[in-house]
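Asker: Below are the sequence and a predicted model; questions follow.
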Amino acid sequence: MNAFLEKLRKKESVIGIIGLGYVGLPLLIRFGEAGFNLIGFDTDSRKINALLHGDTYIRHIPSERLTQFLKNKQLDVTISFERLTEADCVIICVPTPLTEKMEPDLSYVENTSRTIAQHLRPGQLIVLESTTYPGTTDELVLPILQKTGLAVGKDFFLAFSPEREDPGNKEYHTGNIPKIVGGVTPQCLQCATELYASALSSVIPVSSTKVAELTKLLENIYRGVNIALVNELKILALKMGIDIWEVIEAASTKPFGYTPFYPGPGLGGHCIPIDPFYLAWKAREYDFTTRFIQLAGEVNVAMPYYVIETAQNSLNERKKCLNGSKIMVLGVAYKKDIDDDRESPSYEVMKLLLEKGAKVYYNDPHISRLKPGRKHGFRLESTPLTEETLAEMDAVMILTDHTAYDYEWIVSHCPLVIDTRNATKGVKNNRERIVKS
């Protein structure tokens, strides 16, 4: 361990990161800025080719940083996992999705662990960052690595440190977000703590990998439950003729005991729609039902259906039928001003529209083309917003509030706007065309 720490403190360690997506790529850049040599691993050759040319495929990450690392011969990226032996620290940032039955899919973590085991050598630190249920590091990853005959805490070190990325957030980024770290042994914890302390502003050690794993889930379950609460209140407030956004704004003036959460067409992103179900699944092993998590999931999953119901009712009031109507969806990204469409509720809304016979178009200034995903098979291209295009639509549905949109102009050129994100707040003209959902 002493040799590992000495090399780390001298910034002579090579940092290897597996999975160069929204978590792995920012982390790779941060360690590069801290002065470490880097090896990035990914099975997607398109990503590797882009990075080798200094190009970025994530909108909010500037390519200049990558170009500088390449120029200084500080960075190499590859699909060749034999090179894992060159890395002193290996950080796993692979997906942890759900199956069609809403159960954890740890195949990426398991396969990556097996690949690491094939190339594991004494003196290496392995850190799992992928969000998962408590026990994954100890019960899944560790046994795979121990089959090599190497001893954890002595020959190699293993830890869990949950990712805390918020794409597009200009205030908080990889470098200044506090980092939770839990180790399998005290030696593992010390090595992982010093690794992150060498590049990040704040590191918070905890007593075990299970504590670190559950910490991440608590953060996202807290958000999921509160978003479900405000989504349910939104529906009630609309029935009562009350502006829920004004209510939230008023409640936010309380300087203690209240944190604002905001309603929408459903949950999106890489965490909140998925992570709570990891804990709910694991809880069944202990004959325990996580009722709050299940109920919140039901409310949030139902929101796209509520949006469709609103659209149907609004069209009916105008003597139109959803079947055959032309519907323009504004915004596919799961949140404002990013190109991240993972688990976006927009996909579920579009799927439901198509099932009911609508002709669906979309526009997103950051996503020019839709690619088939886990739950959909869309191959649409973004339709330009013109007066002629909007005039042809029977309705426009605002699902993501991008600052690139001129909502007053959009409303003035479309007969019906279904607003799910309060994006048209402040629009003065043609308010009779706006339906809150």
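Answerer: All right, it came through fine.
Asker: For the rest of this, base every contact and every neighbour count on C-alpha atoms.
Answerer: Noted.
Asker: Which stretches in the chain count as strands?
Answerer: Ranges of strands in the chain, per DSSP state E, are 14-18, 37-41, 75-78, 89-92, 125-128, 157-160, 179-183, 203-206, 326-330, 359-363, 395-398, 417-419, 434-436.
Asker: Out of those, which is the most enclosed?
Answerer: With neighbours defined as mean count of other Cα atoms under 10 Å, the strands of the chain peak in mean count at strand 157-160, which reaches a mean of 29.
Asker: partner strands of that strand, parallel or antiparallel?
Answerer: Paired neighbours of strand 157-160 in the sheet (DSSP bridges): strand 125-128 (parallel), strand 179-183 (antiparallel).
Asker: In CSV, list those strands along with distance to residue 338 and mean pLDDT.
Answerer: Compiled in CSV, these are given as follows (distance: least, Cα to Cα, whole Å; pLDDT from 0 to 100):
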stretch, distance to residue 338, mean pLDDT
strand 125-128, 26, 98
strand 179-183, 24, 98
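Asker: Residue 177 contacts residue 204, doesn't it?
Answerer: No - taking contacts as Cα atoms under 8 Å, residue 177 lies outside contact range of residue 204: 10.7 Å.
Asker: Adding distance to residue 17, write the strands paired with strand 157-160 out as JSON lines.
Answerer: Listed next are these as JSON lines, based on distance: least, Cα to Cα, whole Å:
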{"stretch": "strand 125-128", "distance to residue 17": "10"}
{"stretch": "strand 179-183", "distance to residue 17": "17"}
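Asker: out of those, nearest to residue 252?
Answerer: Each of the strands paired with strand 157-160 has some distance to residue 252 by Cα to Cα; the shortest is strand 179-183, at 27.9 Å.
Asker: Identify the residues contacting that closest one?
Answerer: By Cα atoms under 8 Å, 6 or more residues apart in numbering, the surrounding residues in contact with strand 179-183 are 158-164, 189-190, 192-193, 196, 200, 202-212.
Asker: hmm, which of those residues are the buried ones?
Answerer: 158-164, 189-190, 192-193, 196, 200, 203, 205-206, 208-212 (16 or more other Cα atoms under 10 Å).
Asker: quick one: least confident helix or strand in this protein?
Answerer: strand 434-436 (a mean of 77; mean pLDDT, DSSP states H and E).
Asker: Neighbouring strands - and their directions - for that one?
Answerer: Strand 434-436 sits in its sheet next to strand 417-419 (parallel), going by DSSP bridges.
Asker: Just the mean pLDDT for the partner strand, thanks.
Answerer: Model confidence over strand 417-419, given as mean pLDDT, is 91.
Asker: How about stretch 366-375?
Answerer: Averaged over stretch 366-375, pLDDT sits at 80.
Asker: List the contacts of it.
Answerer: Applying Cα under 8 Å, 6+ apart, the contact partners of stretch 366-375 are 332, 333, 337, 338, 339, 377, 378, 379, 380, 381, 382.
Asker: which residue packs closest to the most centrally placed residue in the chain, ignoring adjacent ones?
Answerer: In the chain, the C-alpha nearest the mean C-alpha coordinate belongs to residue 270, at 2.5 Å (Cα atoms, centre = their mean). Once flanking residues are discounted, residue 270 sits nearest to residue 342: 5.9 Å by Cα to Cα, 6 or more residues apart in numbering.
Asker: how about low-confidence regions in the stretch 251-400 of the chain?
Answerer: Residues of the stretch 251-400 of the chain meeting the criterion pLDDT under 70: 373-375.
Asker: in the longest helix anywhere in the chain, what counts as buried?
Answerer: If you go by DSSP state H, the chain has its longest helix at helix 209-239. Across helix 209-239, burial judged by 16+ other Cα under 10 Å covers 209-217, 220-221, 223-232, 234-235, 237.
Asker: Repeat that for stretch 88-103.
Answerer: Buried residues in stretch 88-103 (16+ other Cα under 10 Å): 88, 89, 90, 91, 92, 93, 94, 95, 96, 97, 98, 103.
Asker: Same question for stretch 164-171.
Answerer: For stretch 164-171, burial by neighbour count (16+ other Cα under 10 Å) applies to 164, 165, 166, 167, 168.
Asker: Start and end of it, how far apart?
Answerer: End-to-end distance of stretch 164-171 (Cα to Cα, to the nearest Å): 13 Å.
Asker: now stretch 386-405
Answerer: Stretch 386-405 end-to-end distance (Cα to Cα) = 12 Å.
Asker: so what's residue 260 up against?
Answerer: Contacts of residue 260 (Cα under 8 Å, 6+ apart): 248, 249, 251, 252.
Asker: ok, now residue 190?
Answerer: The contact partners of residue 190, by Cα under 8 Å, 6+ apart, come to residue 183.
Asker: how close does it sit to residue 346?
Answerer: The spacing between residue 190 and residue 346, counted by Cα to Cα, is 43 Å.
Asker: Over to residue 6?
Answerer: Separation of residue 6 from residue 346 (Cα to Cα): 50 Å.
Asker: More neighbours: which of these two?
Answerer: Per other Cα atoms under 10 Å, whichever of residue 6 and residue 346 has more neighbours is residue 346, with 26 against 12.
Asker: number of nearby residues for the nearest residue to that one once chain neighbours are set aside?
Answerer: With sequence-adjacent residues excluded and distances taken as Cα to Cα, 6+ apart, residue 346 is closest to residue 332, at 5.4 Å. Around residue 332 sit 32 other residues, with neighbours defined as other Cα under 10 Å.
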